[in-house]
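Chemist: I'll drop the sequence and a predicted model, then ask my questions.
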Amino acid sequence: METTFQLSYALDTFYFLMCGALVMWMAAGFAMLEAGLVRAKNTTEILTKNVALYAISCTMYMICGYGIMYGGEDFSFFLKDIVGDGATGQDEPASYAPSADFFFQVVFVATAMSIVSGAVAERMKLWAFLSFAVIMTAFIYPMEGAWTWGGQPVFGMYTLGELGFSDFAGSGIVHMAGAAAALAGVLVLGPRKGKYSADGRINAIPGSNLPLATLGTFILWMGWFGFNGGSVLATASVESANSVAVVFMNTNAAAAGGLIAALLLARVMFGKADLTMALNGALAGLVAITAEPSTPTPAIATLFGAIGGILVVFSIVTFDKLKIDDPVGAISVHGVVGLLGLLLVPITNPLTEDGGASFVGQLIGAATIFVWVFVTSIIVWLALKTIMGIRVSEEEEFEGVDMSECGLEAYPDFTGGRQ
């Protein structure tokens, strides 16, 4: 029995760590996607933001974020986990190394913060963004995480799980939370110069490198197998191994459905095969299935992804009409479709005595996450705007933030950069 437990422990820990590494690789996907969808003169800064936010997320979540999210009143909880004394915050021993859980959770925090990066691209000061990243990953995200995956009551009033809230891998907890913070930042920041004309016209601002954006999407697609698959939390038994296989299959199916639906809708609406809409359609399909990838059939998962792909196209167009400037479509992909993902859960995993979700519980959970993250984020953004300013000058925005914020260009041979 002891040998069986040790083998199971080793396999589950290894699986957990490998899935965490896949999710960490999503940081590269976000960096490439955003670098491809911004103009060349803003590439270095967007890459700097992505690599720096990952490091900040890891550090702040270690210092206090993990303790807030899972330690209850014991904010030093993470120290016990890291040294590996077996503390898990649960009554029963974990089936994997506690430090593996920390690693898996910290890359989710970085994913939430990466969503903010693209939405505020091309006009935000680098250090203002990084200052927000500190607060987002140390406090804002961990608090809503404590109320959801952490199982703690919301301000001591109600427990979301008891109300029928379920979010398997984070359509709301990670993706919608990141989008809520992004929306708050975009509203305070304002649109890019030249995006919207005085006569009401919406001016397209093409990205500089669509091959890079496509590569980023493929990296995210691959990393999502760790994102959703790792959330099974085990693989050393027949039951858990089968569950992992189903999650991988449905994750892939939803992404494919989202891309196809978005591509077809773009052809109908715009008369062309819009690559950027297709890429966002794939990501929308992934976000839509993330809240519950273990219970749908492959056909239903494809349908859910397709609904997400259709919704994201309409959402991006609508946000543009509202003059909410999101250069990469992050708010639509992760926020609007993140909400959709939560609302789809009860269709294949309805609330029973053994678990599941209810539509009312999902709506209350979604409202809790969005209101908390949006309100706290907008307070932080306004405070940063008052203290240090969050937007570069009009001249710096025109010339590109690479030189003003980072002192070098990503493509000097093509943009006439200094030697």
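Modeler: On my side now, so go ahead.

Chemist: I'd assumed Pro191 was in a strand, is it?
Modeler: No - according to DSSP: H, G, I helix; E, B strand; the rest coil, Pro191 belongs to no strand; its state is coil.

Chemist: Quick check: closest non-adjacent residue to it.
Modeler: Among residues not flanking Pro191 along the chain, Asp325 sits closest, at 3.4 Å (C-beta to C-beta, 6 or more residues apart in numbering). The C-beta positions use only the backbone N, C-alpha and C, and glycine is treated the same way.

Chemist: tell me the contacts of that neighbour?
Modeler: 186, 190-192, 195-196 (C-beta atoms under 8 Å, 6 or more residues apart in numbering).

Chemist: how much space between Ser57 and Val116?
Modeler: Ser57 sits 11 Å away from Val116, taking C-beta to C-beta, to the nearest Å as the criterion.

Chemist: between the contacts of Asp325, which has the most around it?
Modeler: Neighbour counts for those (other C-beta atoms under 10 Å) peak at Val186, which has 23 neighbours.

Chemist: Between Ser57 and Val116, which is the more surrounded one?
Modeler: Val116 (30 against 27).

Chemist: host element of that one?
Modeler: Secondary structure from DSSP states H and E places Val116 in helix 98-119.

Chemist: Can you tell me, leaving aside adjacent residues, what's nearest to Ala301?
Modeler: Asn250 (3.7 Å).

Chemist: Tell me if I'm right that that neighbour and Pro298 touch.
Modeler: Yes - counting by C-beta atoms under 8 Å, Asn250 touches Pro298, with 6.3 Å between them.

Chemist: Of these two, give the one with the bigger neighbour count.
Modeler: A count of neighbours by other C-beta under 10 Å puts Asn250 above the other of Asn250 and Pro298, at 26 against 14.

Chemist: The more buried one - that's part of a helix, no?
Modeler: Yes - assessed with three-state DSSP, Asn250 lies in a helix.

Chemist: what residues are up against it?
Modeler: Taking C-beta under 8 Å, 6+ apart, we find Asn250 in contact with 289, 293-294, 296, 298, 301.

Chemist: Pretty sure Ile115 sits against Gly329.
Modeler: No - look at Ile115 against Gly329 with C-beta under 8 Å: they stay out of range, at 10.7 Å.

Chemist: and Gly223, how far is that from Met24?
Modeler: 8 Å.

Chemist: Run through the stretch 51-200 of the chain and note the low-pLDDT ranges.
Modeler: Counting by pLDDT under 70, the ranges of the stretch 51-200 of the chain that qualify are 72-94.

Chemist: Strands along that one, start to end?
Modeler: Taking DSSP state E, counting those that start in this stretch as the criterion, the stretch 51-200 of the chain carries no strands.

Chemist: Helices of that one, start to end?
Modeler: In the stretch 51-200 of the chain, the helices defined using DSSP state H, counting those that start in this stretch lie at 66-70, 77-83, 98-119, 126-135, 141-147, 177-189.

Chemist: before we move on, what about the stretch 201-350 of the chain?
Modeler: 210-229, 238-270, 275-290, 298-321, 330, 337-348.

Chemist: To Phe5, which of those helices lies closest?
Modeler: Proximity to Phe5 (C-beta to C-beta) singles out helix 238-270 among those, at 14.6 Å.

Chemist: Compute the distance between the closest residue to Gly172 other than its chain neighbours and Gly356, please.
Modeler: Distance criterion C-beta to C-beta, 6+ apart; nearest residue to Gly172, sequence neighbours excluded, is Leu342 at 4.7 Å. With distances taken as C-beta to C-beta, Leu342 is found 13 Å from Gly356.

Chemist: How about Ala182?
Modeler: Ala182 sits at a distance of 30 Å from Gly356 (criterion: C-beta to C-beta).

Chemist: higher neighbour count, the two?
Modeler: Ala182 (27 against 17).

Chemist: how about the nearest residue to the more buried one, chain neighbours excluded?
Modeler: In space, Ala182 is closest to Ala119, 3.7 Å off (C-beta to C-beta, 6+ apart).

Chemist: Also Val247?
Modeler: Spatially, and ignoring its direct neighbours in sequence, Val247 is nearest to Pro293 (4.6 Å; C-beta to C-beta, 6+ apart).

Chemist: Thr251 is in contact with the one you found, correct?
Modeler: Yes - at 5.3 Å, Pro293 counts as touching Thr251 under the criterion of C-beta under 8 Å.

Chemist: hey, what's in contact with both of these two?
Modeler: 228, 301.

Chemist: So the two - more neighbours on which side?
Modeler: Pro293 (32 against 25).

Chemist: Next, the contact list for the more buried one, please.
Modeler: Applying C-beta under 8 Å, 6+ apart, we find Pro293 in contact with 168-169, 228, 246-247, 250-251, 254, 301.

Chemist: Highest neighbour count among those?
Modeler: Ala254 (34 neighbours).

Chemist: show me the contacts for it.
Modeler: Ala254 is in contact with 285-286, 288-289, 293, 301-302, 304-305, 308, counting by C-beta under 8 Å, 6+ apart.

Chemist: Give me the nearest residue to Ala282, chain neighbours excluded.
Modeler: Residue nearest to Ala282 in three dimensions, not counting chain neighbours: Leu259, with 4.0 Å by C-beta to C-beta, 6+ apart.
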